[in-house]
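*Asks:* could you look at this predicted model? Sequence included:
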Amino acid sequence: MSREFTLPKWYDLHTHFRQENQMQAYIAAHKAMGCAGALAMPNTQPPVAVVFEKDEGASGYWSIERYMRDLNVAGAREFEVLIVPLYLTKETTPDMILKGAGSGVLKACKAYPPHGTTGAEFGAPLMTHIDNGVLKAMEEAGVVLCVHGEEHGLSPTAYFDRHSNAEEVFYKERMGRVRDAYPDLKIVCEHVTTKVAVDFVKESGEMVAATVTPQHLIYTIGDLIQGLKYHLFCLPVVKFEEDREALRGAVTASGNRKFFAGTDSAPHTMKATECGCAAGCFTGGVAPQLYAHGFEMAGVDMGSVAGQAVFQAFLCDNGARFYGLEPSSETFVLVKEPSRVDPVNTPQGSVVPLPLGVNEPELGWSIKL
Ligand code: NCD
Ligand code: ZN
């Protein structure tokens, strides 16, 4: 018997649409999964690290204005919401923040750990943005800080070991100080993967929230290394059962208002290379289906009113509220009916959505628009 339920269209508050002739396919895949908007991350080449087009020239960076225009041309124009955060570099200034926010173009900034993930080579240590007044300006102007929470430059054993990892170090040693120094700064802890990060978000006040990806709800490190399923390789890397339990508990708790959908869908047409593997899982087209699967794995009865309510809070409501966005008035339908997953083609090559490349190319859920 098929079971279905209707949800408001949702905003993916952490995704990567890339650039040039790849964007169209990724934006289309998002629309096909009931997305009415997105926060498109700025780790393009070059990164989106100035606000206004007039400032692009000598800077060598792209502007939010230009990237938004490119995205709109590639199909994002039909979205109800499009946010492009400013990529924080060592050249970002408080003046850029205040002017950008004043104009309405700048809504959020993204902090990357230098060299810590795909396209993070222009990132600056969080300390830089404290010392130069950028975080203070963001707090004053109501600009959201999106944080890739992993400590950079660690030794291999500190980076990932049985007892600790880069994300835990970051949340234990850095984020508390930032949160306490800027109590009115809105912070999104992006793609949290550990119990340490989940606990940090829970024990912080209402200015601190988090995105959770489908892969971190469904998989653990064993799924990745048993057969080295590199399509599941993203950063922060999938962690342990105890961490997955904490994530599942957080997103499925009745009354959850802090944890919301941000897929971190990060397509790579070339995943495995001679010198390693590009970090990023692609979940365009399939994220609500995967999230629904994750909720079921967490024990939620998706046929019940209560189950559907916690799912809607996570997918549709919490993120919109945190960013101060109007919820979409359009709807889509999630149906408990198997569907097949296929690669998505772009002029640069094809990309493989989860769970393809990890296990069966089949999902337990389908989408009707
Ligand atoms: C992202 C990408 O490919 O752009 N990769 C990833 O593993 N998540 C960058 C990021 O968000 O870390
Ligand atoms: Zn990302």
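*Replies:* On my side now, so go ahead. As the structure is a computational prediction, the values presented were derived from the model and not from experiment. Ligands and ions are numbered 1, 2, ... in the order given.
*Asks:* which parts of the stretch 101-250 of the chain sit against ligand 1?
*Replies:* Thr117, Thr118, Gly119, His148, Cys234, Leu235 (C-beta under 6 Å from any ligand atom). For every residue, glycine as well, the C-beta is placed using N, CA and C.
*Asks:* show me where the stretch 51-200 of the chain has helices.
*Replies:* 56-59, 64-73, 94-103, 126-131, 134-141, 156-159, 166-170, 176-181, 195-203 (DSSP state H, counting those that start in this stretch).
*Asks:* I'd like those helices written out as JSON lines, with mean neighbour count and mean pLDDT added.
*Replies:* Listed next are those as JSON lines, based on neighbours: other C-beta atoms under 10 Å; pLDDT from 0 to 100:
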{"stretch": "helix 56-59", "mean neighbour count": "11", "mean pLDDT": "94"}
{"stretch": "helix 64-73", "mean neighbour count": "18", "mean pLDDT": "98"}
{"stretch": "helix 94-103", "mean neighbour count": "18", "mean pLDDT": "98"}
{"stretch": "helix 126-131", "mean neighbour count": "17", "mean pLDDT": "94"}
{"stretch": "helix 134-141", "mean neighbour count": "21", "mean pLDDT": "98"}
{"stretch": "helix 156-159", "mean neighbour count": "13", "mean pLDDT": "97"}
{"stretch": "helix 166-170", "mean neighbour count": "24", "mean pLDDT": "98"}
{"stretch": "helix 176-181", "mean neighbour count": "14", "mean pLDDT": "96"}
{"stretch": "helix 195-203", "mean neighbour count": "20", "mean pLDDT": "98"}
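*Asks:* using TSV, lay out the ones you listed together with distance to Leu290.
*Replies:* As requested, these are exported to TSV (distance: least, C-beta to C-beta, whole Å):
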stretch	distance to Leu290
helix 56-59	37
helix 64-73	24
helix 94-103	34
helix 126-131	30
helix 134-141	32
helix 156-159	27
helix 166-170	21
helix 176-181	30
helix 195-203	19
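*Asks:* contacting residues for His152?
*Replies:* Pro113, Pro114, His115, Gly116, Gly123, Pro125, Ala166 (C-beta atoms under 8 Å, 6 or more residues apart in numbering).
*Asks:* the third one and Glu121 touch, don't they?
*Replies:* Yes - in terms of C-beta atoms under 8 Å, His115 counts as a neighbour of Glu121; the distance is 5.5 Å.
*Asks:* list the contacts of the residue of the stretch 151-300 of the chain at minimum distance from ligand 1.
*Replies:* Per C-beta to the nearest ligand atom, the residue of the stretch 151-300 of the chain with the smallest distance to ligand 1 is Gly280, at 2.9 Å. Contacts here follow C-beta under 8 Å, 6+ apart; on that basis Gly280 touches His16, Thr118, Phe233, Cys234, Leu235, Asp264, Ala266, Pro267, His268.
*Asks:* which parts of the stretch 1-150 of the chain are strands?
*Replies:* 4-8, 10-15, 35-40, 48-50, 62-63, 81-83, 86-87, 108-111, 144-147 (DSSP state E, counting those that start in this stretch).
*Asks:* same question for the stretch 201-350 of the chain.
*Replies:* Using DSSP E, counting those that start in this stretch, strands in the stretch 201-350 of the chain cover 208-212, 259-261, 272-273, 276-277, 331-335, 339-340, 344-346, 349-351.
*Asks:* those strands: lowest mean pLDDT?
*Replies:* Mean pLDDT is lowest for strand 272-273 among the strands of the stretch 201-350 of the chain, at a mean of 88.
*Asks:* partner strands of the helix or strand bottoming out on mean pLDDT in the chain and their direction?
*Replies:* Across the helices and strands of the chain, mean confidence by mean pLDDT, DSSP states H and E is lowest for strand 272-273: a mean of 88. Using DSSP bridges, strand 272-273 pairs in its sheet with strand 276-277 (antiparallel).
*Asks:* is the partner strand in proximity to ligand 1?
*Replies:* No - with C-beta under 6 Å from any ligand atom as the criterion, ligand 1 is not reached by strand 276-277; the gap is at least 9.9 Å.
*Asks:* and what of stretch 10-18?
*Replies:* Yes - Stretch 10-18 comes into contact with ligand 1 (C-beta under 6 Å from any ligand atom), by way of His16.
*Asks:* point out where the stretch 251-369 of the chain drops to low pLDDT.
*Replies:* By pLDDT under 70, the stretch 251-369 of the chain has no low-scoring segment.
*Asks:* which bits of it sit near ligand 1?
*Replies:* Contact residues (C-beta under 6 Å from any ligand atom) of the stretch 251-369 of the chain with ligand 1: Asp264, Ala266, Ala279, Gly280.
*Asks:* mind checking which of those are buried?
*Replies:* Asp264, Ala266, Ala279, Gly280 (16 or more other C-beta atoms under 10 Å).
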